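Colleague: with the input below, show me the fold.
(chains A, B, C and D)
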There are 2 protein chains.
Amino acid sequence: MDNEKTTIDDVAKALGLSKSTVSRSISGKGRISSDTRQKVLDYIEANNYRPNPIAKGLSESKTYNIGWVIPGDDHLTSLYFYQRCLQGVISAAMKADYDVLITTIGKEDISGLRRITENHKVDGVILGRTLRKDKAIRYLKEQGIPFVVVGSTDEKGVIQVDNDHVAACKELTSILRMKGVKRAAYICGDMGQVVTNSRLQGFQEGMADAKTQVYLNCNDKESVERAVEEAVGFGTDCIVCEDDRICQMVMEKLKEAELEVPSDLKLVSFYDSKLLENYKPQITALKYDPMDLGKRACETLMAVIGGNQVEDRQLLGYEVMLKGSTQ
Amino acid sequence: MDNEKTTIDDVAKALGLSKSTVSRSISGKGRISSDTRQKVLDYIEANNYRPNPIAKGLSESKTYNIGWVIPGDDHLTSLYFYQRCLQGVISAAMKADYDVLITTIGKEDISGLRRITENHKVDGVILGRTLRKDKAIRYLKEQGIPFVVVGSTDEKGVIQVDNDHVAACKELTSILRMKGVKRAAYICGDMGQVVTNSRLQGFQEGMADAKTQVYLNCNDKESVERAVEEAVGFGTDCIVCEDDRICQMVMEKLKEAELEVPSDLKLVSFYDSKLLENYKPQITALKYDPMDLGKRACETLMAVIGGNQVEDRQLLGYEVMLKGSTQ
DNA sequence: TTGAAAGCGCTAACAA
DNA sequence: TTGTTAGCGCTTTCAA
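Modeller: Residues are numbered from 1 along each chain as shown, chains lettered A, B, ... in the order given. Next comes the predicted model:
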């Protein structure tokens, strides 16, 4: 049973040293004889002493916390993304001796974010997604709080870490073209999210020389079904979905219409969230590494907090997973 | 632009009072003339002063943080649960002026949990799920850290908040019996999780007087498919799945075998996670309110931290959603 | 009813 | 190289 609360004072007394010497030994800052330093290090190791980061923080005007801010109202598809991302964030944070405070916000309601910043509970913030005219981004900029966004934004001077959605979607779309797709339909969700716009752009660039139908803001089942009906009516030979969630709805609708994938038409998802991992046929989709994204975002935030120069925008890679649905 | 850092000293000076008077006015502790108190309250309201909870915490030996601990490796099905739960936790925490530190652990690796507790970063912990012989539970008990689990456990003296899985599963199973099910197959996942055991128990109690096949630890697609094959071979008239994820795999397998639900056999899920919300037919399932669960867990933890007496075990309700798959 | 002072556990000048 | 001291922003005795 390790004692609940040994303090730096206890250590100092036990070793016949002063607090500052112990402090220096631990931090490695300032001049110290390696002798005493080792003695201190050995002692705290043996006695399992852990400096209290709260006190440390108070004295340094730091919290050793970062805020991880995600939407409180998102779809199942996104949850997987945030979860993996969080793993990356946590792993990077731990390395820098930071912990992660989590809070949720809505499109309009950013009170959870205000709370942790106004209460001085975090040294910086990572935003898990970006919106157009993002209230959270504007707030953070205005307050001068260090932050990094996972995603992209038009706001000036915002540090961004994102997958290269435009390039990814363009590449997959081009592959479809090469596979002979002549008339593709694109179904996507909320255009208020930046990522939706990027994906659309990639699709359009890849299909620049072909006929397309585009269905925006298909946020519920009804609109997706209507889109599918219309697209099929127009004789589409490929439906491209913004993500797995939409893709799932499309598949159900196609089943109902007794249309087979890929024989009657091809089917593609621009975001693989594992939602469809048990489906047959397997869906051709774009795959990213959200954990890496979170890790990068956090490392970048750490650099910003540390006052270091960082790139404004980092774009991470992707993978095109060609599966049965486009055979 | 509100000033970055007004302190209690600034307020005191501005008002010609002492720090302690300001402190008392804010906390309401100790004797204070309601006159001065109001003056202080008005001033901090107008100047948007927020006491620094870190400093407050240091002086009170509190952190005003709780730890929310979830598995880092869970299925999509569970993510929805944790996400909703978290919403409840956050809302209750905010009410008590607490923030939520998040960390993930594995079955064996609880280093993330150790970190936040050893570093004195939290006043208490909520465990998002329970395992049999749970390492995290044992660690927290041993360390005497206030904690509450979402789920059930055999460990003595652990504060638990859970859905009444046994009763819920038993009720749904009994309904199946009444609907004429004679030979049900039950497919479930990892028996290392406590909830898996509770559900099985409910199933068995509900089917006490009937023939059943039970398939445990079906953690991957192969084992689920094998279970379905065997169950069908035995002439099952109803497959009961532990959760949506297993149910999804079962449905794909049934489709392959050209068996129709519900005409050839009935299909049931003991846990609705929205994974199947777009499926046809809709699946009969048990529905809970994870957000309420999280809220209760957090409120209970707050009580424990506050030194109040709490119930050892709270069991929350459920809802049986009868849908097309058992018609 | 209010204020002065000590203390929460640590860091960082400044001295020695 | 080490120790002394003053703070970080707050709460809480103890006096006044």
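Colleague: can you tell me the distance between the two ends of stretch A:260-275?
Modeller: 20 Å (Cα to Cα, to the nearest Å).
Colleague: any part of it near chain B?
Modeller: Yes: using Cβ under 8 Å from any Cβ of the partner chain, we find that stretch A:260-275 touches chain B at A:273-275. Every C-beta, even on glycine, is put in place using the N, C-alpha and C of the backbone.
Colleague: now that stretch: how far from the chain's centre is it?
Modeller: Relative to its parent chain, stretch A:260-275 has a centroid offset of 24 Å by Cα atoms, centre = their mean, to the nearest Å.
Colleague: now swap in stretch A:319-327 and tell me
Modeller: Computed by Cα atoms, centre = their mean, the chain-centroid distance of stretch A:319-327 equals 24 Å.
Colleague: list of residues touching it?
Modeller: A:168, A:171-172, A:175-176, A:179, A:238, A:261-262, A:266-268, A:272, A:280-288 (Cβ atoms under 8 Å, 6 or more residues apart in numbering or on different chains).
Colleague: what residues of it count as buried?
Modeller: Within stretch A:319-327, the residues scored as buried using 16 or more other Cβ atoms under 10 Å in any protein chain shown are A:323, A:325-326.
Colleague: what's the answer for stretch A:125-144, then?
Modeller: Within stretch A:125-144, the residues that count as buried by 16+ other Cβ under 10 Å are A:125-131, A:134, A:136-137, A:139-140, A:143.
Colleague: how long is that stretch end to end?
Modeller: 11 Å.
Colleague: ok so, going back, would you format the buried residues of stretch A:125-144 as JSON lines with secondary structure, pLDDT and distance to DNA strand C included?
Modeller: Below are the buried residues of stretch A:125-144 laid out as JSON lines (DSSP: H, G, I helix; E, B strand; the rest coil; pLDDT from 0 to 100; distance: Cβ to the nearest atom of the strand, whole Å):
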{"residue": "A:Val125", "secondary structure": "strand", "pLDDT": "98", "distance to DNA strand C": "23"}
{"residue": "A:Ile126", "secondary structure": "strand", "pLDDT": "98", "distance to DNA strand C": "25"}
{"residue": "A:Leu127", "secondary structure": "strand", "pLDDT": "98", "distance to DNA strand C": "29"}
{"residue": "A:Gly128", "secondary structure": "coil", "pLDDT": "98", "distance to DNA strand C": "31"}
{"residue": "A:Arg129", "secondary structure": "coil", "pLDDT": "96", "distance to DNA strand C": "35"}
{"residue": "A:Thr130", "secondary structure": "coil", "pLDDT": "97", "distance to DNA strand C": "34"}
{"residue": "A:Leu131", "secondary structure": "strand", "pLDDT": "97", "distance to DNA strand C": "38"}
{"residue": "A:Asp134", "secondary structure": "coil", "pLDDT": "98", "distance to DNA strand C": "34"}
{"residue": "A:Ala136", "secondary structure": "helix", "pLDDT": "98", "distance to DNA strand C": "31"}
{"residue": "A:Ile137", "secondary structure": "helix", "pLDDT": "98", "distance to DNA strand C": "31"}
{"residue": "A:Tyr139", "secondary structure": "helix", "pLDDT": "97", "distance to DNA strand C": "29"}
{"residue": "A:Leu140", "secondary structure": "helix", "pLDDT": "98", "distance to DNA strand C": "26"}
{"residue": "A:Gln143", "secondary structure": "helix", "pLDDT": "94", "distance to DNA strand C": "24"}
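Colleague: check what pLDDT the closest residue to A:Gly317 other than its chain neighbours gets.
Modeller: Excluding the flanking residues, the one nearest A:Gly317 by Cβ to Cβ, 6 or more residues apart in numbering or on different chains is A:Asp164, at 6.9 Å. At A:Asp164, the model reports a pLDDT of 98.
Colleague: of the contacts of stretch A:319-327, which belong to strands?
Modeller: Residues of those located in strands (DSSP state E): A:238, A:266-268, A:284-287.
Colleague: the spatially closest residue to A:Ser198 that is not a sequence neighbour: neighbour count?
Modeller: Leaving out its chain neighbours, the residue that sits closest to A:Ser198 by Cβ to Cβ, 6+ apart is A:His165, at 4.0 Å. A:His165 has 25 neighbouring residues, counting by other Cβ atoms under 10 Å in any protein chain shown.
Colleague: residue contacts, A:His165?
Modeller: So A:His165 contacts A:152, A:195, A:198-199, A:202, A:270, A:318 (Cβ under 8 Å, 6+ apart).
Colleague: which pair of those residues spans the longest distance?
Modeller: Greatest spacing in the contacts of A:His165, by Cβ to Cβ: A:Ser152 and A:Phe270 (15.0 Å).
Colleague: neighbour count for those two, which is higher?
Modeller: In terms of neighbours (other Cβ under 10 Å), A:Phe270 is the more surrounded of A:Ser152 and A:Phe270; the figures are 28 against 21.
Colleague: centre of the chain to the helix or strand hosting A:Ile26, how far?
Modeller: Assigned by DSSP states H and E, A:Ile26 belongs to helix A:19-27. With Cα atoms, centre = their mean as the basis, helix A:19-27 stands 38 Å off its chain's centre.
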